[in-house]
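**Student:** pasting a predicted model and its sequence here:
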Amino acid sequence: MLSIAIEAAQQAGKFLKRSLGNVREIEQKSGEEKNLVTEIDRRSEKLIIDIIRKHYPNHDILAEESGRMGQASEYKWIIDPLDGTTNFTHGFPVFCVSIALERNGVIVLGVIYDPNFDELFTAEKGKGAYLNNKRVRVSQIDFLARSLLVTGFPYNITENPGHAIEHFVNFLMKAQAVRRMGSAAIDLAYTAAGRYEGFWEVALNPWDMAAGVLLVEEAGGKVTDFAGHPFSIYKKDVLATNSVIHDQMMKILERVSEEK
Ligand code: IPD
Ligand code: CA
Ligand code: CA
């Protein structure tokens, strides 16, 4: 199953790279002015689903653009065919494909492919996290002031859901630096690879996070919601860290809730 996920992610990723700069149709998703979808998102998703279906016709699928497909099965594939659509529509080469597999509700496999750097991040439950077949681990930096953090903003940022703006400002003051790349899956993959010490975001969807959270956990990191409760991809907020700065980040996230 890992090799099928890799094949699908790489084929779709290469298609995305070839299509960069050739986007013809850009639509706004219903009710969300900033949330875009292109024909490239849809074609990438079809390409991935066709490969999975060919090998596993009876598996359940949850894909961003098509929703829930297939039948109830012990296996469910969770697919983001293009994570970083806004970047993509601007020709900004930070985007990827994310594919995960759930077995009886537990994520057992995750693949993120970044075609721009030709970086393939893979993880299987209990077997570690890998970047281009080399084992990766989270960083060991244990102090927020020396940490490079990353976040993303939801499409309805003007409503400031979950105090996203205050959190960003508070982390800017405490961390070494904060980045905002525009692809939650890449943010999680980089946290797993030790490039970031921590990532937080509100209002994400299962397909943004499913592969990435397994990568972070398999690389020795920690993933919870903002309050430190056990994480689920069906919840909206995520705090994923190298584990050692987890409590320090949680304290900053708590601050806003206490002030309000
Ligand atoms: C988006 C990206 C972005 C995050 C958004 C997501 P999309 O996914 O992951 O980094 O901030 O919340 O929706 O729409 O490009 O697949
Ligand atoms: Ca996404
Ligand atoms: Ca997407």
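**Tutor:** Yep, it's here. Ligands and ions are numbered 1, 2, ... in the order given.
**Student:** what residues are up against the residue in the stretch 101-250 of the chain that ligand 2 sits nearest to?
**Tutor:** Residue of the stretch 101-250 of the chain nearest ligand 2, by CB to the ion: Asp208 (4.1 Å). The C-beta positions use only the backbone N, C-alpha and C, and glycine is treated the same way. By CB atoms under 8 Å, 6 or more residues apart in numbering, Asp208 lies in contact with Asp80, Asp83, Ser98, Ala184, Ala185.
**Student:** what does Ala100 give?
**Tutor:** Ala100 neighbours (CB under 8 Å, 6+ apart): Trp77, Ile78, Ile79, Ile107, Leu109, Gly110, Val111, Ala210, Ala211, Leu214.
**Student:** any idea what it is bridged to?
**Tutor:** Judged by DSSP bridges, the bridge partners of Ala100 are Ile78, Gly110.
**Student:** ok, the residue lying closest to Ile40 once chain neighbours are set aside - how many residues close by?
**Tutor:** Closest residue to Ile40 apart from its sequence neighbours, by CB to CB, 6 or more residues apart in numbering: Ser19 at 4.8 Å. The number of residues packed near Ser19 is 17, by other CB atoms under 10 Å.
**Student:** give me phi/psi at Ser19?
**Tutor:** phi -90, psi -10 (degrees, to the nearest 10).
**Student:** Leu47 is in contact with that one, correct?
**Tutor:** No: applying CB atoms under 8 Å, one finds Ser19 not in contact with Leu47, separated by 11.2 Å.
**Student:** what segments of the stretch 1-150 of the chain are strands?
**Tutor:** Secondary structure of the stretch 1-150 of the chain by DSSP state E, counting those that start in this stretch: the strands cover 26-29, 32-38, 60-63, 67-69, 75-83, 96-103, 106-114, 119-124, 129-131, 134-136, 148-151.
**Student:** residues contacting Asn156?
**Tutor:** Glu32, Lys34, Ala203.
**Student:** that one and ligand 1, how far apart?
**Tutor:** 10 Å (CB to the nearest ligand atom, to the nearest Å).
**Student:** before we move on, what about Cys96?
**Tutor:** 9 Å.
**Student:** okay, the residue nearest to Ile40: pLDDT?
**Tutor:** We have a pLDDT of 95 for Ser19.
**Student:** measure it to ligand 1 for me?
**Tutor:** Taking CB to the nearest ligand atom, one finds Ser19 at 15 Å from ligand 1.
**Student:** Ile40 contacts Ile26, correct?
**Tutor:** No: with contact defined as CB under 8 Å, Ile40 does not count as touching Ile26 (9.5 Å).
**Student:** so what sits against both of these two?
**Tutor:** Residues touching both Ile40 and Ile26 (CB under 8 Å, 6+ apart): none.
**Student:** which of those two has more neighbours?
**Tutor:** Ile40 (25 against 15).
**Student:** which residues touch that one?
**Tutor:** Contacts for Ile40 were tallied using CB under 8 Å, 6+ apart; they are Phe15, Leu16, Ser19, Asn22, Val23, Leu82, Phe88.
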